[in-house]
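Engineer: mind folding the following:
(one chain, ligands or ions: 1)
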Amino acid sequence: MIRFEHVTKRYAERGDALRDVSFTLEPGEMAFLTGHSGAGKSTLLRLIGLLERPTRGRLSVAGQDLGALGRRQIPLHRRRVGMIFQDHRLLPDRNVFDNVSLPLLAAGMHPRELGKRVRAALDQVGLLRLEHALPTSLSSGEQQRVGIARAVVARPPVILADEPTAPLDSTRAMAVVRILNDMAAQFQTAIIVVTHDEKIIPTFKRIYHIRDGVTHEEAGEGRSVGG
Ligand code: ADP
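Structural biologist: Just a heads-up that it's a prediction; the model follows:
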């Protein structure tokens, strides 16, 4: 689903942010990416989202070689990649339902189908009862779950999550991991989670550690997150 083949990203003045990175993430797999600040984690996510292009090497997502995509195909590609941000990035003046419906509106979905899909996503994150609420009236954990519902609602083949659990307590952090796990299993989504969160690290089976722009794979404990 995501394949890096000898990918290097060089910034002229800073040298290589990523150096000769190769890995494959299969459909339904969830991997965890860690590394110190400046190691190249955001660069890796930006390459997958086509916010940047590699300097060298090949990168494909959902069977599509990204090097072959022209500018006009970029918006279509971005719809294949759901993003979850640490700071939620919800529209403050739109209610929960409207925030979650945005990716489906962008995809031109019929309103009746759209309503069903948005409510299914809200149900999945346990927020159906808050569909009319404004984001500012929600707790940080609830806002994070709205952000997750928005990322999963269009059932993209790939989801990228940047520190999705950092501000949450242990119970809520595990709930987030469980939602992502369910998503991976149910829709065969490939998920990359960038995190330093010690609470959730033991739940991952695959761990990629970036050091000086180079990825190192480690086997994780893959501890169950329960039902
Ligand atoms: P991380 O997300 O792991 O903190 P980044 O991917 O943001 O790391 O950064 C990796 C390296 O690339 C750093 O040395 C950073 O300064 C450099 N870098 C990132 N983005 C840019 C940019 N747009 N221009 C120049 N250098 C950049």
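Engineer: what about the strands in this protein?
Structural biologist: 2-11, 15-25, 30-34, 56-61, 64-65, 81-84, 158-162, 190-194, 206-211, 214-219 (DSSP state E).
Engineer: quick one: closest of the ones you listed to residue 135.
Structural biologist: Taking C-beta to C-beta, strand 81-84 is the member of the strands of the chain nearest to residue 135, at 14.7 Å. Any C-beta I mention is one placed from the backbone N, CA and C, and that applies to glycine too.
Engineer: just checking, what packs against the closest one?
Structural biologist: Contacts defined by 3 or more C-beta pairs under 8 Å, 6 or more residues apart in numbering; DSSP states H and E place strand 81-84 against helix 140-152, strand 158-162.
Engineer: give me the mean pLDDT for the longest one.
Structural biologist: The pLDDT scores in helix 140-152 average 92.
Engineer: what of stretch 49-58?
Structural biologist: pLDDT averaged over stretch 49-58 gives 93.
Engineer: that older thread, for the strands of the chain, give me JSON lines that also has distance to residue 119.
Structural biologist: JSON lines is the format used below for the strands of the chain (distance: least, C-beta to C-beta, whole Å):
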{"stretch": "strand 2-11", "distance to residue 119": "29"}
{"stretch": "strand 15-25", "distance to residue 119": "30"}
{"stretch": "strand 30-34", "distance to residue 119": "25"}
{"stretch": "strand 56-61", "distance to residue 119": "29"}
{"stretch": "strand 64-65", "distance to residue 119": "30"}
{"stretch": "strand 81-84", "distance to residue 119": "18"}
{"stretch": "strand 158-162", "distance to residue 119": "20"}
{"stretch": "strand 190-194", "distance to residue 119": "23"}
{"stretch": "strand 206-211", "distance to residue 119": "33"}
{"stretch": "strand 214-219", "distance to residue 119": "39"}
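Engineer: in JSON lines: those strands, plus distance to the ligand and mean neighbour count.
Structural biologist: Below are those laid out as JSON lines (distance: least, C-beta to the nearest ligand atom, whole Å; neighbours: other C-beta atoms under 10 Å):
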{"stretch": "strand 2-11", "distance to the ligand": "3", "mean neighbour count": "18"}
{"stretch": "strand 15-25", "distance to the ligand": "3", "mean neighbour count": "18"}
{"stretch": "strand 30-34", "distance to the ligand": "9", "mean neighbour count": "22"}
{"stretch": "strand 56-61", "distance to the ligand": "15", "mean neighbour count": "18"}
{"stretch": "strand 64-65", "distance to the ligand": "22", "mean neighbour count": "14"}
{"stretch": "strand 81-84", "distance to the ligand": "14", "mean neighbour count": "23"}
{"stretch": "strand 158-162", "distance to the ligand": "8", "mean neighbour count": "23"}
{"stretch": "strand 190-194", "distance to the ligand": "7", "mean neighbour count": "24"}
{"stretch": "strand 206-211", "distance to the ligand": "6", "mean neighbour count": "18"}
{"stretch": "strand 214-219", "distance to the ligand": "11", "mean neighbour count": "13"}
